[in-house]
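> I need the structure of the sequence given here:
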Amino acid sequence: MASNNSLAINGLHIKPGERVLTRLVISKLPSGAVIDVPVHVIRAQEPGPVLLLMAGMHGDEVNGIETIRRLIRRDLLKPQRGTIIAIPILNIYGFLNFSREVPDGKDVNRSFPGHPRGSVASRVAHRFMREIMPLVDVGIDFHTGGAARANHPQLRCLLGQDAATDALAQAFAAPFTLHARLRPGSLRSTAYTLGKPIIVYETGESLRLDEGGIEEAIAGTLRVIHFLGMGPAGPLPARPNIVCHRHRWLRARYAGLFRAHVGLGDFVEEGQIYGSVSDPYGEQSVRLESPLSGYVIGLNHMPVVNQGDALLHLGLPE
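Next up, the predicted model:
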């Protein structure tokens, strides 16, 4: 919990009631241009938790970036207690290059806790861990589906292991909550070892804005702020939250042109035809039958698929 004293970040001392935009200098481009990460710090007069809102870990995942931008632009981040740290884009390199990675090809979200003399990704992670993480109590990390794979609005966290994480997930109340194991080198895994719960929100696909998913993210964030005692009540969820302790990708057994017969959020019955894969010459088409019943929480929008490509992500409710 933050005290009534000033909060030290990036060489600044931010007092209760202050709102500051500071920039963490990460490195320079080969051209000499400085790469820095803007960080918004909004403090209430009253002490309380420090909530991290972060997006752009992968530079092509624009839905989280737009979520935090709208929260800031609509002046919705006004804590009555505690502090909000909002980082719209962590991976500036990837954002500038429409890329998931940093210039060395590494994934920032597999590079935590990082190293000051490591790769670019490792240095970004290290600077975050040194400057931001010591201040944080809880956090929401916003992500987007990769490549042409779109995600239905969903929350991912380690369910049943930590009461604080479970409570955050319930407060956010996304359309779907998935039990997701910790991945080594991820922010969520590193924060977990420090006893700091981070929940991950996913929606849409890279380089495409998902309006419904963005508004779901804003509403869920406001509900978390209220749950933490930092602000007024957020909007009520538009639909019941569905918890899936298991989920599975259905993969292509054949290469060709993929056409889905279902959409994100649909419920698929075992044995239902969910799509087809056809050869591009009009000679053969194979109907795809689901081996399981579940909700469509992820869908591949790429029409050209190879054997083994992920086609449909099913959330399996209890």
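
> model confidence over the lengthiest helix in the chain, on average?
Within the chain, and with DSSP state H defining each element, the longest helix by residue count is helix 211-227. Helix 211-227 shows a mean pLDDT of 98.

> likewise stretch 192-203?
For stretch 192-203, the per-residue pLDDT values average out at 97.

> Span of that stretch from start to end?
By Cα to Cα, to the nearest Å, the extent of stretch 192-203 from end to end equals 23 Å.

> Next, the buried residues of it.
Neighbour-count burial for stretch 192-203, with 16 or more other Cβ atoms under 10 Å as criterion, is recorded at Tyr192, Lys196, Pro197, Ile198, Ile199, Val200, Tyr201, Glu202, Thr203. Any C-beta I mention is one placed from the backbone N, CA and C, and that applies to glycine too.

> same thing with stretch 47-55?
With the criterion 16+ other Cβ under 10 Å, stretch 47-55 contains buried residues Gly48, Pro49, Val50, Leu51, Leu52, Leu53, Met54, Ala55.

> Over to stretch 103-115?
Neighbour-count burial for stretch 103-115, with 16+ other Cβ under 10 Å as criterion, is recorded at Pro103, Lys106, Asp107, Val108, Asn109, Arg110, Ser111, Phe112, Pro113, Gly114.

> Just the residues contacting that stretch, thanks.
Residues outside stretch 103-115 that contact it (Cβ atoms under 8 Å, 6 or more residues apart in numbering) are 57-58, 90-91, 93-94, 97, 100-102, 118-129, 183-187, 189-190.

> rerun at 6 Å
Contacts of stretch 103-115 from elsewhere in the structure, counted by Cβ atoms under 6 Å, 6 or more residues apart in numbering, are 57, 91, 93, 101, 119-122, 124-126, 129, 185-187, 190.

> Repeat that for stretch 173-184.
Defining contact as Cβ under 6 Å, 6+ apart, one finds that stretch 173-184 is touched by 153-156, 159, 169, 189, 192, 220, 237, 239, 241-245, 247, 297, 315.

> what helix or strand is the residue of the chain positioned farthest from its centre on?
Of all residues in the chain, Glu283 has its C-alpha farthest from the mean position, at 41.5 Å, by Cα atoms, centre = their mean. Counting by DSSP states H and E, there is no helix or strand that carries Glu283.

> Quick check: it vs Ala260, distance?
Between Glu283 and Ala260 the distance, using Cβ to Cβ, to the nearest Å, works out to 21 Å.

> out of the buried residues of stretch 103-115, which one sits closest to Ala310?
Out of the buried residues of stretch 103-115, the one with the shortest distance to Ala310 is Asp107. That distance is 17.6 Å, counting by Cβ to Cβ.

> Could you look up the SS state of the closest residue to Ala260 other than its chain neighbours?
Spatial nearest neighbour of Ala260, chain neighbours left out: Gly275 (4.4 Å); criterion: Cβ to Cβ, 6 or more residues apart in numbering. Local secondary structure at Gly275 is given as strand here, using DSSP: H, G, I helix; E, B strand; the rest coil.

> Next, count neighbours for Gly275.
Residues near Gly275, counting by other Cβ atoms under 10 Å, number 20.

> check contacts around it.
By Cβ under 6 Å, 6+ apart, Gly275 lies in contact with Arg259, Ala260, His261, Leu288.

> Could you rerun that using 8 Å?
Applying Cβ under 8 Å, 6+ apart, we find Gly275 in contact with Phe258, Arg259, Ala260, His261, Val262, Arg287, Leu288, Leu311, Leu312.

> who does it bridge with?
Per DSSP bridges, residues listed as beta-bridge partners of Gly275: Ala260, Leu288.

> all helices of the stretch 51-200 of the chain, in order?
Taking DSSP state H, counting those that start in this stretch as the criterion, the stretch 51-200 of the chain carries its helices at 62-73, 92-96, 120-131, 163-172, 187-193.

> looking at the ones you listed, which is closest to Asn10?
The nearest among these, by Cβ to Cβ, is helix 120-131 at 5.8 Å.

> For that closest one, name the packing helices and strands.
The elements that helix 120-131 packs onto, with contact taken as 3 or more Cβ pairs under 8 Å, 6 or more residues apart in numbering; DSSP states H and E, are strand 19-28, helix 187-193.

> ok, back up a step: so which of the buried residues of stretch 47-55 is the closest to Leu76?
Of all the buried residues of stretch 47-55, the one with the least separation from Leu76 (Cβ to Cβ) is Leu53, at 10.6 Å.
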